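> need a 3D model of the sequence below.
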Amino acid sequence: MGVAAVVFFRAEDKEAGRRLAARFGADCLDASAVATAKAREQSAFFARAVGAEAVLMVVDAEGLHLRSAGPDALTVRVDFAAAALRYRRLHGGGRDEAIAKAVGLRSGVFPEVLDATAGLGGDAFVLAGLGCRVRLHERSPEVHALLEDGLRRRREGGDEELRRILDRMALAPAGDAGLALEGGQTDVVYLDPMFPQRRTRAQVRKEMQVFHRLVGEDPDADALLPAALRAARYRVAVKRPRIAPALAGPAPSHVLEGKRNRFDIYAKRRLPDGLGR
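Got it, this is the predicted structure:
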C-alpha cells in the first residue's frame, strides 16, 4: 500500500519531510495549520487531503511515526526504550523464553541470527538483549525507515546498557527477504512473515492496525523457507500464529507452542558449544 504522504508540523522538519517523501514516492504535506489542533480536527484535515483510509508518515520532534489518517488516529513508532520492551528486558524469561529456545540460544551458545522479516524489530531486540548478534532485513521502505530512526535515536540518547544491545543489531539496506537470504550463510535464520489479519479487528492490538494496513500480508512467505534452509548453518525458526498452517515445504523438526503463537523449528544440525563467544 505505501504511505499516502509524509507529514510535517514544524518548519524545521520541512526538509526532512521532503527527503522522505521523495524516498517513498509520496506527497509531502504541510500540516502546520493544525499543529496545535485537537486530534479530531487533525484527522479531518488529513482525511480531506489524502482520504480517511490512508497511512501517513509523520516527522516530528521525536523522530518518525506512522499514523492513520482517519479519526482513530492510530500511531506506530519504533522505540527500543519503550516501557514494554524495558520491562521484558529486565523481567522477561531470559534463555527460557520461547524465542530464545527457538533460535537455539543456551548457556555459552549465542548464534548469529538473520531476521529476514524484521518488522518493527521487537523480536530482534529481544534476541540481541539475550546476547545474539542479529542482522535485520525489512523490505518495506517505510518500516525500514522507522527501524533506522529508532536505532539512531536510542544509539544517540539511550542508556549504556541499551546502546550495548543495539550495537548487536545491524540493519541491512531495505530489500526483499529472498535476496537477503541469498547473500551468504548465517547460524540461524528467523522468519516471522505477516499472516492475514484476523477477521475481528478488536483481536489485533490497536496500534498495530495501521502497521497491518501499510504492509499487508506476505503472499510469498512459503517461498522464503527453501531459501532460509540454504542460508542457515544450523536451523531455521519460523514464528506463526498458533492456529496457522506451517509454511509449505518440509515438516518442522519440532514445534514450540504458546498461547497465541508457536515456533516451527527446522533443525539442520546441533549448534556447537561456544558458538558466538
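
> and the closest residue to residue 89 other than its chain neighbours, how many neighbours?
The shortest distance from residue 89 to any non-neighbouring residue, by Cβ to Cβ, 6 or more residues apart in numbering, is to residue 129 (5.1 Å). Yep, even glycine has a C-beta here, placed from its N, CA and C like the rest. Applying other Cβ atoms under 10 Å, we find 24 residues neighbouring residue 129.

> hang on, residue 129 packs against residue 167?
No - contact criterion Cβ atoms under 8 Å: residue 129 and residue 167 do not qualify, at 11.6 Å.

> where are the low-confidence patches of the chain?
1, 196-208, 216-219 (pLDDT under 70).

> report the outermost residue of it with respect to its centre.
Going by Cα atoms, centre = their mean, the residue of the chain most distant from its centre is residue 33, 32.1 Å out.

> any idea how far the residue nearest to residue 89 lies from residue 41?
40 Å (Cβ to Cβ, to the nearest Å).

> now residue 142
Distance from residue 142 to residue 41, by Cβ to Cβ: 25 Å.

> now the strands for this structure?
5-8, 27-30, 55-60, 63-68, 75-76, 113-115, 134-136, 169-171, 186-191, 232-241, 254-257, 261-267 (DSSP state E).

> please parse the protein into its domains.
Split into domains by automatic domain parsing, the chain comes to 5-73, 83-267.

> any idea which of those gets closest to residue 277?
domain 83-267 (6.1 Å; Cβ to Cβ).

> so how far is that closest one off the chain centroid?
7 Å (Cα atoms, centre = their mean, to the nearest Å).

> follow-up on the earlier one: gap between the residue farthest from the centre of the chain and residue 22?
23 Å.

> please apply the same query to residue 16.
From residue 16 to residue 22 the distance is 11 Å (Cβ to Cβ).

> circling back to that earlier point, for the residue lying closest to the residue farthest from the centre of the chain once chain neighbours are set aside, what are its contacts?
With Cβ to Cβ, 6+ apart as the criterion, residue 33 has its nearest non-adjacent residue at 7.3 Å, and that residue is residue 45. If you count contacts by Cβ atoms under 8 Å, 6 or more residues apart in numbering, residue 45 has them with 31, 33, 34, 37.

> ok, of these, which one's closest to residue 125?
residue 31 (30.7 Å).

> show me what contacts the closest one?
Contacts of residue 31 (Cβ under 8 Å, 6+ apart): 7, 8, 9, 42, 45, 46.

> residues contacting the spatially closest residue to residue 178 that is not a sequence neighbour?
Counting by Cβ to Cβ, 6+ apart, residue 227 is the residue found nearest to residue 178 once chain neighbours are left out, at 5.5 Å. Applying Cβ under 8 Å, 6+ apart to residue 227 gives the contacts 177, 178, 181, 182.

> do a quick rundown of the helices in the protein.
Along the chain, the stretches classed as helices by DSSP state H are 14-24, 39-50, 83-91, 98-103, 122-129, 141-157, 160-166, 177-181, 206-215, 221-231.

> got the ones you listed as TSV, with distance to residue 73 columns?
As requested, these are arranged in TSV below (distance: least, Cβ to Cβ, whole Å):
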stretch	distance to residue 73
helix 14-24	19
helix 39-50	5
helix 83-91	20
helix 98-103	31
helix 122-129	22
helix 141-157	17
helix 160-166	29
helix 177-181	31
helix 206-215	9
helix 221-231	31
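
> now for residue 250, how many residues are close by?
Count around residue 250 with other Cβ under 10 Å applied: 12.

> measure it to residue 38 for me?
On the measure of Cβ to Cβ, residue 250 and residue 38 end up 54 Å apart.

> is it possible to export the domains of the chain to a markdown table including distance to residue 276?
Shown next, in a markdown table, are those (distance: least, Cβ to Cβ, whole Å):
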| stretch | distance to residue 276 |
| --- | --- |
| domain 5-73 | 31 |
| domain 83-267 | 3 |
